[in-house]
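Engineer: My questions are about this predicted structure, shown below with the sequence.
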Amino acid sequence: MSVINTNVASLNAQRNLSTSASALSTSLQRLSSGLRINSAKDDAAGLAISERFTSQIRGLDQAKRNANDGVSMLQTAEGSLQSTGNILQRVRELAVQSSNATNSAGDRKAIQAEVGQLLSEADRIAQTSEFNGLKLLDGSFGTATFQVGANAGQTIQATTANFRTNNYGNNEATTTAPAAGTAYTAGSFALQGLATTNIAVSATDTAQSLASTINGATATTGVTAQAKNDESATFTAGGVYSLAVTSDNSTAANVTFTVGAALNASGLASAVSAFNDVSSKTGVTAKLNDTNNGLVLTNAAGNNITVANNSASAAVSLTALDANGAASGAAANVATGATSTSVGYVSMNSDKGFSVGTSGSNAIAASTAATLNTVSGIDVSTAKGSSQALKVLDSALANVNSQRASFGALQSRFETAVSNLQSTSENLSASRSRIQDTDFASETAKLTRGQILQQAGTAMLAQANSLPNGVLSLLRG
């Protein structure tokens, strides 16, 4: 077409040159940035998707750091409890030492001095253990929520307890020992621990069999039981006694002795010896009471103690004792030819709080909550206190070890969460890369194509711009 105002060939060459220039610019940008999507115009949908991936990836990476912080916090708390456990183990060792009869009052006082210092340190550890300014073991931490995911609600909760020495120990409740010569009344009572279980009581139950029933429900209630039978026996001064004792044994064992003219340690020495001489058969041991004017007969396993009086004329007075050594019910005056049986009591213990519901028998005095004997109240300056301390320390150690186990389980959970977060972040990063990152093999090919098209386009534009010169030949005529 012989025109000069409109050079269509030039316009076409310019358009193609502009297109190739834009493509070359895009390739250069992608290769220099490493990103296929540098602005929304590059891929609007891809940009939206890749940004959502970015939110998830960054959230997951932060959640991983959060979980690792949780591990660090739990390790700090568990380390403090380990020190507390070591202290309690030492105090228990001292309580066992103090329980021994070879210790004088001064010896026990010296042992108690060390116990006091150790328990003060255990309390200080509970007050001062902290992580990033947060107290861990004094009861103020409560329940903490750790964000271990990129989205709302993806959390793990951790709970710590109050390990001040005045806050944990042994929870104890004791059944009432039926009066001498009487038995448990058939019925039941509700034991409310981790869960509630009704404990059946039979008229033929011994303290030992009742304890076995309670221990059968330990998995449900968290409460363990120990049976014991203590009975006070008083005699007539100068009396000659022949008693038939049945407890662990099925065949009665004869116990014969003469009481001295005075009811004191000397006058009752033969009575103590007579009972203890057959203790291997009966399971019943005897010792002088606190005032040395009578005996305390004990079956440590909680079996019934049956005493038949075969004496010619002397009577024996028997009184059931409770866990504190106090009389439980009226005394039974066992005359010649008479028999009396004591049943004993059951001590229920748990490191967790529990209560005893209304009883259908006289196995429990009344509906009551267990009494907490705390670690801070441990006193090994007496033999009785040392024995009580062992119960408290066993429950305290169970409490500490349970919390340590909980911390250990949470650490394992956090570590599993970290592993999962790493795997998820890796897979999401790969997915984002396929959308967002530059494919250098493909893009360098496009770059080469664009460069060639730029060079060719520039050459063709020069040719197109010279085409109107052909019209001059028409003008020369």
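Structural biologist: Structure received. Every value quoted in this text rests on a predicted model; they were computed, and no experiment measured them.
Engineer: When you work out contacts or count neighbours from here on, use the C-alpha atoms and nothing else.
Structural biologist: OK.
Engineer: tell me which residues of the strand or helix carrying residue 110 are tucked away?
Structural biologist: Taking DSSP states H and E as the criterion, residue 110 maps to helix 105-128. Residues of helix 105-128 classed as buried by neighbour count (16 or more other Cα atoms under 10 Å): 108-109, 111-112, 115-116, 118-119, 121-127.
Engineer: And the helices in the stretch 1-150 of the chain?
Structural biologist: 8-33, 44-98, 105-128 (DSSP state H, counting those that start in this stretch).
Engineer: As JSON lines, these with distance to residue 334 and mean pLDDT would be great.
Structural biologist: Converted to JSON lines, the helices of the stretch 1-150 of the chain look like this (distance: least, Cα to Cα, whole Å; pLDDT from 0 to 100):
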{"stretch": "helix 8-33", "distance to residue 334": "105", "mean pLDDT": "87"}
{"stretch": "helix 44-98", "distance to residue 334": "38", "mean pLDDT": "95"}
{"stretch": "helix 105-128", "distance to residue 334": "38", "mean pLDDT": "96"}
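Engineer: of the buried residues of helix 105-128, closest to residue 297?
Structural biologist: residue 108 (25.9 Å; Cα to Cα).
Engineer: Quick check: nearest residue in space to the closest one, chain neighbours excluded?
Structural biologist: residue 381 (4.6 Å; Cα to Cα, 6 or more residues apart in numbering).
Engineer: The one you found is in contact with residue 105, isn't it?
Structural biologist: Yes. At 7.0 Å, residue 381 counts as touching residue 105 under the criterion of Cα atoms under 8 Å.
Engineer: Hmm, residue 74 and residue 407 touching each other?
Structural biologist: Yes. Taking Cα under 8 Å as the definition, residue 407 is a contact partner of residue 74 at 5.9 Å.
Engineer: what about residue 186, how many neighbours?
Structural biologist: For residue 186, the tally of surrounding residues (other Cα atoms under 10 Å) stands at 15.
Engineer: Begin at 510 from now on, thanks
Structural biologist: All set: I'll call the first residue 510, so the last point we hit is now residue 695.
Engineer: how close does it sit to residue 701?
Structural biologist: Distance, residue 695 to residue 701, using Cα to Cα, to the nearest Å: 20 Å.
Engineer: try residue 819
Structural biologist: 45 Å.
Engineer: Report the beta-bridge partners for residue 696.
Structural biologist: Listed by DSSP bridges, the beta-bridge partners for residue 696 are residue 710.
Engineer: Other residues contacting stretch 528-544?
Structural biologist: 545-547, 945-947, 949, 952-953, 955-956, 959-960, 962-963 (Cα atoms under 8 Å, 6 or more residues apart in numbering).
Engineer: Can you tell me the closest non-neighbouring residue to residue 826?
Structural biologist: residue 842 (4.4 Å).
Engineer: How about residue 933?
Structural biologist: residue 569 (7.8 Å).
Engineer: Ok, residue 967 next?
Structural biologist: Using Cα to Cα, 6+ apart, the nearest residue to residue 967 is residue 526, at 6.9 Å.
Engineer: Thanks again, I'm all set now.
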